[in-house]
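Please work out how this folds:
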Amino acid sequence: MRPVERVQRLVGWAAAIPMSLPQLLLRVTVAIPFWKSSLTKFDGFLELSPGAVYLFANEFKLHLFGATYPYPFPGVMAFVSGLAEFGLSLLLVLGLGTRFAAFGLLIMTGVIQLTVPGGWQTFHLPWAAMLLAVLAYGPGRVSVDYWIARHFR
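Purely as a prediction, here's the structure:
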């Protein structure tokens, strides 16, 4: 077999992968860090952890226009970010309101970038790329959105 034929065979195998598989993997992969982060913000059901409040009050700062600014209402910000990370990552994994959830997490990624400006190349850029792919290509067939669209036309 000639090298060109081998390459064509490999390309054929790659093209045979159903689009719904990478769509599912993108959704789950990008949801994991947000899900894990949400678990650190609560000590119980809707009970905000003291560590989360401390981080938002003392450690996390917004880096804007060459200056740093404290988060307004750190307790509220910690609570809202924890709920958003939990809820949006759950929706993303389920594929329910997928594009809405991806957009919400993309906005959160932008805020996280403003808080931790050095994390763009290792964390924020890959998260943003995955979330943009979900926004552009949708949830795929392995999703609640797909099931709803098929059954309620």
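
Just name the shakiest helix or strand of this structure by mean pLDDT.
Ranked by mean pLDDT, DSSP states H and E, the weakest helix or strand in the chain is helix 3-15, scoring a mean of 88.

what's next to that one, contact-wise?
Contact with helix 3-15 is made by Met1, as judged by CB atoms under 8 Å, 6 or more residues apart in numbering. C-beta here means a position set from N, CA and C on the backbone, and glycine is covered the same way.

So for it, what gets flagged as buried?
Along helix 3-15, no position meets the burial threshold by neighbour count (16 or more other CB atoms under 10 Å).

for the record, mean pLDDT for stretch 89-97?
Averaging the model's pLDDT scores along stretch 89-97 yields 98.

actually stretch 138-153, not the one I typed
Across stretch 138-153, pLDDT averages out at 94.

now for that stretch, what's the gap between its first and last residues?
Terminal residues of stretch 138-153 are spaced 18 Å apart (CA to CA, to the nearest Å).

try stretch 54-62
Stretch 54-62: ends 15 Å apart by CA to CA.

Return the distance of that stretch from the chain's centre.
Its chain's C-alpha centre and that of stretch 54-62 lie 21 Å apart, by CA atoms, centre = their mean, to the nearest Å.

if we look at it, which residues are touching it?
Applying CB under 8 Å, 6+ apart, the contact partners of stretch 54-62 are 68-71, 74-75, 77-78, 81, 111, 114-115.

Then stretch 77-92?
In contact with stretch 77-92 (CB under 8 Å, 6+ apart) are residues 27-28, 30-32, 34-35, 37-39, 41-42, 48, 52-53, 55-56, 71, 97-98, 100-102, 104-105, 108, 134.

And these, which of them are buried?
27, 30-31, 34-35, 37-38, 41-42, 48, 52-53, 55-56, 71, 97-98, 101-102, 104-105, 108, 134.

Select from those every entry located in strands.
Among those, the ones falling in strands (DSSP state E) are 42, 48.

Now intersect the buried ones among the contacts of stretch 77-92 with the helices, please.
Counted as lying in helices by DSSP state H, out of the buried ones among the contacts of stretch 77-92, are 27, 30-31, 34-35, 37-38, 52-53, 98, 101-102, 104-105, 108, 134.
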